[in-house]
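Undergrad: just to be clear, the model below is a prediction. Sequence and coordinates:
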There are 2 protein chains.
Amino acid sequence: MTDSSSNAVLGIFRANAILEERFTGALSAVHGLALKELLLMLYVQRAPGSKLSRVDLAKRLHVNPSTVTRMTLPLEKIGMIAREADARDARLAYVTLTPSGEERLNEAFATLNRMSADVFQDRWSEEDIEGFDSLLQRIAPHSYS
Amino acid sequence: MTDSSSNAVLGIFRANAILEERFTGALSAVHGLALKELLLMLYVQRAPGSKLSRVDLAKRLHVNPSTVTRMTLPLEKIGMIAREADARDARLAYVTLTPSGEERLNEAFATLNRMSADVFQDRWSEEDIEGFDSLLQRIAPHSYS
DNA sequence: ACATTATCATTGCATATGCAAATATATAGC
DNA sequence: GCTATATATTTGCATATGCAATGATAATGT
């Protein structure tokens, strides 16, 4: 049956739509950060040296580099992130977190953690969640390059 | 650990981005239909009576009704879908599939099936896929209303 | 029957985002 | 060292999409 595959893929699309909807509203209301802004900052925080060029950030977010350029403008304006040059390569413009940006990110991520736990609250064991996550990793491995 | 929950949620976001990217390009190139257009038509095909009002379609697609209005315009223009009125309620504008729309949908869905199977080709048993899908159904049940 | 409220579809407006071009800088080949 | 090519970022333009307002119709309450 090839149908189980497409059912699963359609299920991912639907789950994504529902979760994005739910999380974006809550995060924006509570922390003033869109979900996508949180993810941008989270990737910066987790990157080696806590900095990322706009192109690398675009790869992680699966968006066009121009989108990163535009997303970083308001975040820099409100002091969440900063721009840092590279000593060797003048083309690079790293994104870094400011102290208050890191603080805000941690608060927002705590909310995301709580909301994520809510998603799995009913009928999910810890093993269910971890098994589910490891299946997701097979489909979408972290492929930073 | 609340982290397994957020890992899983972030995994859904990432898997969605990767799959949407991959599928949209291929479907558009081969069948001239964007992934979102295919999904729109698929929901129509699967609806009771093979017709759906714009509002019901919007709920299934998790988009604003105005987006459905706009997406249906070019699809109607190229003869994939048609508009049908309701005998009792003059507000309703059903979306239906034309014969050639149904034909195109079936071809495109066959491609989606093949691409979906590719996603799970390595390291997945049929039970893995079905188990994964049933976990997704817990997160995102079909809740048509 | 009438007035109020709810629902469906559409439109105006603002924002978001991909693509291609432009610019600046770096790298590779010779 | 010079030229050609590649990479990083930004900008212009076109398209996509959410939100709020509008108009049409239906349903509800009295």
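TA: Now that the structure is in, tell me what you want to look at.
Undergrad: so does the longest helix seen in chain A get close to chain B?
TA: Of all segments of type helix in chain A, defined using DSSP state H, the longest is helix A:3-31. Yes - using CB under 8 Å from any CB of the partner chain, a contact is recorded between helix A:3-31 and chain B, made by A:3-21, A:23. From N, CA and C alone the C-beta is placed, and that goes for glycine too.
Undergrad: just the buried residues from those residues, in ChimeraX please.
TA: Selection of buried members from the residues of helix A:3-31 next to chain B for ChimeraX, criterion 16 or more other CB atoms under 10 Å in any protein chain shown:
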select /A:4,5,6,7,8,9,10,11,12,13,14,15,16,17,18,19,20,23
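Undergrad: hang on, the earlier thing: tell me how far the longest helix of chain A lies from the chain's centre.
TA: Mean-position distance between helix A:3-31 and its chain equals 13 Å (CA atoms, centre = their mean, to the nearest Å).
Undergrad: let's see whichever helix or strand comes after it as CSV, backbone CA atoms only.
TA: Per DSSP states H and E, the first helix or strand lying C-terminal to helix A:3-31 is helix A:35-46. The C-alpha trace of helix A:35-46 is given here as CSV (Å, rounded to 0.1, in the frame of the first residue of the first chain):
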residue,chain,number,x,y,z
LEU,A,35,7.2,31.6,16.1
LYS,A,36,9.5,32.2,13.1
GLU,A,37,11.4,34.8,15.0
LEU,A,38,11.8,32.5,17.9
LEU,A,39,13.1,29.8,15.6
LEU,A,40,15.6,32.2,14.1
MET,A,41,16.9,33.2,17.5
LEU,A,42,17.0,29.6,18.6
TYR,A,43,19.2,28.5,15.7
VAL,A,44,21.5,31.4,16.5
GLN,A,45,21.7,30.4,20.2
ARG,A,46,22.4,26.8,19.3
